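Chemist: Task: produce atomic coordinates for the following.
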Amino acid sequence: MSIENKVLGLTKLSEYIKAFLAKNHEDYNENDSDFEFLLKKSEIENPWFTIENQKFALQQWADLLTEDNINDWLKEYSISKITKRVGLILAGNIPLVGLHDVISVVLSNHIPVIKLSSKDKYMIPFLLKKWNEFSEGNVQFEFVEKLENFDAVIATGSNNTARYLEYYFKDRLNIIRKNRTSIAVLKGDETEAELQLLAKDIFQYFGLGCRNVTRLLIPKDFVIDRLFESFIGFQDIINHNKYANNYDYNRAVYLLNQEKFWDNNFVMLKEDDKLFSPLSVINFSRYSSLDEVKNFIAGNEENIQCVVAKTELGLNSIELGEAQNPGLDTYADNVDTMKFLSVI
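Modeler: Numbering: from 1, shown residues only. Next up is the predicted model:
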């Protein structure tokens, strides 16, 4: 009954978010004003969290958290009968990136003990409080500055941080996540509309998420200018101060080093075999056969979150434009969080 109550509360939270996002400012009530205040506060303290990007993340969650979606997701797992305390060290690279872990722990009949990212301090506590209200007080959670008194841990950090976390939590059941990024493979016959969808996969959240495409594989004869033409809808990104600083810095480095790159005044394309690229830069390489593509993916599998490509390429990929629309059964680092939580 408790889980059913939590699911019902989560669907009510979804409706609450949708109602807020659908309102005009002049129609806000007191609760809506509190919601808006936290959005603004988040942006002030972390300029990467623009109101627009926060609302995009909220809309994605609101659309995802329907009763059918949640029940379809949960039916694949056995819910633990013994409640454990699960430590969560959350990331803060994009808005609400840690919410999936929190929801997974609660719906697994456990208690999340949450260490928030300093970059994302306000929205998750606000939404959890609302979820608890909508669930008649059945959602247990704790926020802590230091993890203590827990049975298992799920932690997300950089590759350097992950090594420390793996050592620190070596005697605990754990999931330790590292840096990942996403790639796109172009077939060459993509339409302008499809390339514009790719632009969303690249530029949403300024490219800061592990599901953002930062590496392209394109056919030998693909014309680079086609990409720049499809990116034009995101040209205002250069007006964001922190993004512009990254762009200016990386461009200066390439110029000083006399490195070859393509530039359209808000993003650079660089022919480079490296998987990871700096912010405001997209690395690309050209391929002659799909075997080259498959070998690249296999060689970088541990560092790739998702592959964006047309289905007919047969690459176990997601469609263009879908990188920032993961389902509830899509897990960071491709490690099944719910399966882990069902056996701790």
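
Chemist: Mean pLDDT per element in the chain, and the minimum belongs to which helix or strand?
Modeler: Least confident helix or strand of the chain, by mean pLDDT, DSSP states H and E, is helix 159-168 with a mean of 89.

Chemist: that's a helix at Val253, yeah?
Modeler: Yes - with the criterion set as DSSP: H, G, I helix; E, B strand; the rest coil, the secondary structure at Val253 is a helix.

Chemist: how near is the closest residue to it other than its chain neighbours to Asn283?
Modeler: Of all residues beyond its chain neighbours, the one nearest Val253 is Glu259 (7.9 Å), with distances taken as Cβ to Cβ, 6 or more residues apart in numbering. For glycine as for every other residue, the C-beta is placed from the backbone atoms N, C-alpha and C. Glu259 is 12 Å from Asn283, where distance means Cβ to Cβ, to the nearest Å.

Chemist: can you list residues touching both of those two?
Modeler: Lys270 (Cβ atoms under 8 Å, 6 or more residues apart in numbering).

Chemist: So what's the residue count around the residue nearest to Val253?
Modeler: 12 (other Cβ atoms under 10 Å).

Chemist: can you check Lys23 too?
Modeler: 14.

Chemist: Can you report how many residues neighbour the residue nearest to it when sequence neighbours are not counted?
Modeler: Closest residue to Lys23 apart from its sequence neighbours, by Cβ to Cβ, 6+ apart: Asp32 at 6.3 Å. By other Cβ under 10 Å, the residues close to Asp32 number 15.

Chemist: got the contact list for stretch 317-336?
Modeler: With contacts defined as Cβ under 8 Å, 6+ apart, stretch 317-336 is touched by 56, 60, 64, 69-70, 73, 76, 100, 156, 175, 177-178, 180, 182, 184-185, 190, 194-195, 197-198, 200-201, 204-205, 209-213, 305-311, 337-338.

Chemist: which of these count as buried?
Modeler: Using 16 or more other Cβ atoms under 10 Å as the burial test, the contacts of stretch 317-336 include 56, 64, 69-70, 73, 100, 156, 175, 177-178, 180, 182, 184-185, 190, 194-195, 197-198, 200-201, 204-205, 209-213, 305-310, 337-338 as buried.

Chemist: Show only the entries of those residues found in helices.
Modeler: Using DSSP state H, the subset of the buried ones among the contacts of stretch 317-336 located in helices is 56, 64, 69-70, 73, 100, 194-195, 197-198, 200-201, 337-338.

Chemist: Find the residue ranges of the protein scoring beneath the pLDDT cut-off.
Modeler: 1 (pLDDT under 70).

Chemist: Leu217 and Met268: what is the separation?
Modeler: Look at Leu217 and Met268: by Cβ to Cβ, they are 17 Å apart.

Chemist: again with Glu192
Modeler: Relative to Met268, Glu192 is positioned 21 Å away (Cβ to Cβ).

Chemist: Looking at these two, which is more packed in?
Modeler: Met268 (20 against 9).

Chemist: how near is that one to Ala252?
Modeler: Met268 is 11 Å from Ala252, by Cβ to Cβ.

Chemist: That'll do, ta.
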